[in-house]
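Peer 1: Pasting the sequence and the predicted coordinates here, then a few questions.
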Amino acid sequence: HRTREKRWITENAWYVRNKAGVPIYIEGTIQDATERVEGLAAVEQQANTDQLTGAASRFHFLNTLNAITRDANGACVLFIVDLDKFKDVNDALGHGAGDAVLSTVAQRLRKLAGPAATVARLGGDEFAIITPGASASMQADMKCADIVRAMREPIEIEGHNAIVGASVGVAIFPAHAATTEELLNNADIALYHVKTNGRNNACIFDHAMKLRLQQHKALEADLRSAIPADALELYYQPIVAAKTGSVLGYEALMRWNHPRRGFLPPDQFIGIAEDAGLMTELGNWAIRRACQQAVALPGHISIAVNVSPSQFRSSGIVEQVKRALGDTGLNASRLVLEVTENVLMTSQSIATRVMDDLTALGVKLALDDFGTGYSSLSYLQRYAFSKVKIDRSFVAGIESKPANTAIIRAIIRLAADLGMDVVAEGIESEHQAALLRAEGCELLQGYLFGRPRPFVDICADLALHNLQTCMPQRPLGTLQDAPEERTVHKTL
């Protein structure tokens, strides 16, 4: 072409024959096919590329993986990367911010993976990396650590620092699988293992995980049956007046006495409930049961129940609370719903409406784990909390870390100025309690004042002691024989 521009053409030619049928010359046509060829290339590019992030598409990812697994000499490492808190960011800051997060994540993964690797977005907030070659498996652990570390780095979006974190599941071909389907399945099993063990980490598949997954699925099926069968129960931990030790309330904490496995603490089934989409049903059950049992307690005692993010975002939480109060006759002011910042990281309009509707019922609201999130102060300003709970991580260091004392002092003063009560949780020693009293904290909770106990036991205690001072159950040193109780999860 005279402009030196590359053009594509299609050419058709045919023989022109004489009467005897002998070819005498060639005749033909030439057409410019550049637009058609470029159009096909654009379609192929769209099919192979995720339009939002610029990463490879799922289609291209599967083609690449199939080519490796069908090659007799093929080898690769497959990383499945699932963002841990993307939904929270998307709900709190909007879909535009969510798109920006996904684009940044894709850029970071491409930089980490290197030019030989394929980085793909599989859909939603899930990505994958294919690192080809037999030698790639030797660097899998290091690559896992790099990915997790990179995903922990803040992403600046519209003046906010969003930290999403990631869980990573890894499978190696051909060591862990013989086909593409098996490789994907085993990477997903490794990813599931990470999610059920706290997230924000990475794990390489091993065959024992399949057995654990089967056990997990069996426990999930049991839990689905346990909720309608009313096979769970609430245990109650006292909240006491700092000055007198009198019991002023209880926090309801969930327990499950499994018919075959025995007593299960929350950390063994709450994660399963979250993954299985059972948290709303489980949370509604907890609110109703707490209201039923609270009416049997003296009128000045409140009952606190934790609310999960999925339960809070469900459309029926206000109606569920209203029905539980109406059916049981419990005074709404005695019910305290505890929410964490994760619960509030939804649409501001939705959060405001739900909080306002709950407050209108007369229910009290508490901000749990205060001081550990990114926007706790703005939440105190925005929502009608009657109580804040100082996170146990601050209480644990109050005896040795001056910074913890300073933070606790500031929280107590701030709450007092806003007309809110303060509860310090996780208290295990009398020295901790004395320091908190000296700072003006009026409500205390922790093993020093009582472990979570069944409803019948606290009723017996209240009848026996007539709400006298709740004394420590055992010295702090004896807690060492039950370390699992130190980190027991809350109801939700």
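Peer 2: Perfect, thanks for sending it.
Peer 1: switch to C-alpha atoms for all contacts and neighbour counts from now on
Peer 2: Noted.
Peer 1: pull the longest strand from the protein.
Peer 2: Using DSSP state E to define each element, the chain has its longest strand at strand 247-258.
Peer 1: That one pairs with which strands?
Peer 2: In the sheet, strand 247-258 lines up against strand 232-241 (antiparallel), strand 262-264 (antiparallel), strand 302-306 (parallel) (DSSP bridges).
Peer 1: Might one say that Ser308 is in contact with Gly283?
Peer 2: Yes - under the criterion of Cα atoms under 8 Å, Ser308 makes contact with Gly283 at 7.1 Å.
Peer 1: one step back: could you dump the strands paired with strand 247-258 to JSON lines with mean pLDDT?
Peer 2: JSON lines is the format used below for these (pLDDT from 0 to 100):
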{"stretch": "strand 232-241", "mean pLDDT": "95"}
{"stretch": "strand 262-264", "mean pLDDT": "85"}
{"stretch": "strand 302-306", "mean pLDDT": "96"}
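Peer 1: Output those strands in a markdown table, with distance to Asp368 and mean neighbour count appended to each entry.
Peer 2: Conversion of the strands paired with strand 247-258 to a markdown table gives the following (distance: least, Cα to Cα, whole Å; neighbours: other Cα atoms under 10 Å):
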| stretch | distance to Asp368 | mean neighbour count |
| --- | --- | --- |
| strand 232-241 | 14 | 22 |
| strand 262-264 | 24 | 11 |
| strand 302-306 | 9 | 24 |
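Peer 1: I'd like to know which of those strands lies nearest to Glu274.
Peer 2: Of all the strands paired with strand 247-258, strand 302-306 sits nearest to Glu274, with 14.2 Å by Cα to Cα.
Peer 1: Packing partners of the very next helix or strand once past the closest one?
Peer 2: Next along the chain after strand 302-306, taking DSSP states H and E as the criterion, comes helix 309-313. Helix 309-313 is packed against helix 279-294, helix 341-344, with contacts defined by 3 or more Cα pairs under 8 Å, 6 or more residues apart in numbering; DSSP states H and E.
Peer 1: among those, which is the most enclosed?
Peer 2: Ranked by mean neighbour count, these are led by helix 279-294 with a mean of 21 (mean count of other Cα atoms under 10 Å).
Peer 1: now what about it, what contacts it?
Peer 2: With contacts defined as Cα atoms under 8 Å, 6 or more residues apart in numbering, helix 279-294 is touched by 227, 234, 252, 254, 270, 273, 302-303, 305-308, 310-311, 314, 317, 320-321, 324-325, 328, 330, 335, 455, 492.
Peer 1: repeat that for 7 Å
Peer 2: With Cα atoms under 7 Å, 6 or more residues apart in numbering as the test, helix 279-294 has contacts from 227, 252, 273, 303, 305, 307-308, 310-311, 320, 324-325, 328, 330, 492.
Peer 1: Which of the helices or strands spans Ala20?
Peer 2: Following DSSP H and E, there is no helix or strand that holds Ala20.
Peer 1: And the pLDDT for it?
Peer 2: You'll see Ala20 listed with a pLDDT of 86.
Peer 1: What of Ile163?
Peer 2: Ile163 is assigned a predicted lDDT (pLDDT) of 84.
Peer 1: Please apply the same query to Thr469.
Peer 2: As summarised for this prediction, Thr469 has a pLDDT of 42.
Peer 1: Likewise for Leu40?
Peer 2: What the model reports as pLDDT for Leu40 is 69.
Peer 1: Looking only at stretch 414-434, what residues are buried by neighbour count?
Peer 2: For stretch 414-434, the buried set under the neighbour-count rule, 16 or more other Cα atoms under 10 Å, comprises 415, 420-429, 432-433.
Peer 1: With respect to Lys401, which of these is nearest?
Peer 2: Gln432 (12.0 Å).
Peer 1: Am I right that that closest one is in a helix?
Peer 2: Yes - per DSSP: H, G, I helix; E, B strand; the rest coil, Gln432 lies within a helix segment.
Peer 1: Would you quantify the distance from it to Ala403?
Peer 2: Gln432 sits 15 Å away from Ala403, going by Cα to Cα, to the nearest Å.
Peer 1: Could you save the buried residues of stretch 414-434 as JSON lines and add columns showing secondary structure, distance to Cys441 and pLDDT?
Peer 2: Formatted as JSON lines, those follow (DSSP: H, G, I helix; E, B strand; the rest coil; distance: Cα to Cα, whole Å; pLDDT from 0 to 100):
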{"residue": "Ala415", "secondary structure": "helix", "distance to Cys441": "10", "pLDDT": "89"}
{"residue": "Met420", "secondary structure": "coil", "distance to Cys441": "11", "pLDDT": "92"}
{"residue": "Asp421", "secondary structure": "strand", "distance to Cys441": "9", "pLDDT": "94"}
{"residue": "Val422", "secondary structure": "strand", "distance to Cys441": "6", "pLDDT": "94"}
{"residue": "Val423", "secondary structure": "strand", "distance to Cys441": "7", "pLDDT": "96"}
{"residue": "Ala424", "secondary structure": "strand", "distance to Cys441": "7", "pLDDT": "94"}
{"residue": "Glu425", "secondary structure": "coil", "distance to Cys441": "11", "pLDDT": "93"}
{"residue": "Gly426", "secondary structure": "coil", "distance to Cys441": "14", "pLDDT": "93"}
{"residue": "Ile427", "secondary structure": "coil", "distance to Cys441": "12", "pLDDT": "94"}
{"residue": "Glu428", "secondary structure": "coil", "distance to Cys441": "15", "pLDDT": "93"}
{"residue": "Ser429", "secondary structure": "coil", "distance to Cys441": "15", "pLDDT": "93"}
{"residue": "Gln432", "secondary structure": "helix", "distance to Cys441": "11", "pLDDT": "94"}
{"residue": "Ala433", "secondary structure": "helix", "distance to Cys441": "9", "pLDDT": "95"}
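Peer 1: For those, give me CSV that also has distance to Glu182.
Peer 2: Output for the buried residues of stretch 414-434, formatted as CSV (distance: Cα to Cα, whole Å):
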residue, distance to Glu182
Ala415, 55
Met420, 55
Asp421, 54
Val422, 52
Val423, 50
Ala424, 49
Glu425, 46
Gly426, 45
Ile427, 48
Glu428, 49
Ser429, 52
Gln432, 53
Ala433, 55
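Peer 1: Between all of these, which two are separated the most?
Peer 2: Spanning the widest gap among the buried residues of stretch 414-434 are Met420 and Ser429, at 25.1 Å by Cα to Cα.
Peer 1: Burial check on Pro309, number of neighbours?
Peer 2: Residues within reach of Pro309, counting by other Cα atoms under 10 Å, total 21.
Peer 1: surely it meets Asn342?
Peer 2: Yes - with contact defined as Cα atoms under 7 Å, Pro309 and Asn342 form a contacting pair (6.4 Å).
Peer 1: any idea how far Asp188 is from Ala202?
Peer 2: Separation of Asp188 from Ala202 (Cα to Cα) stands at 12 Å.
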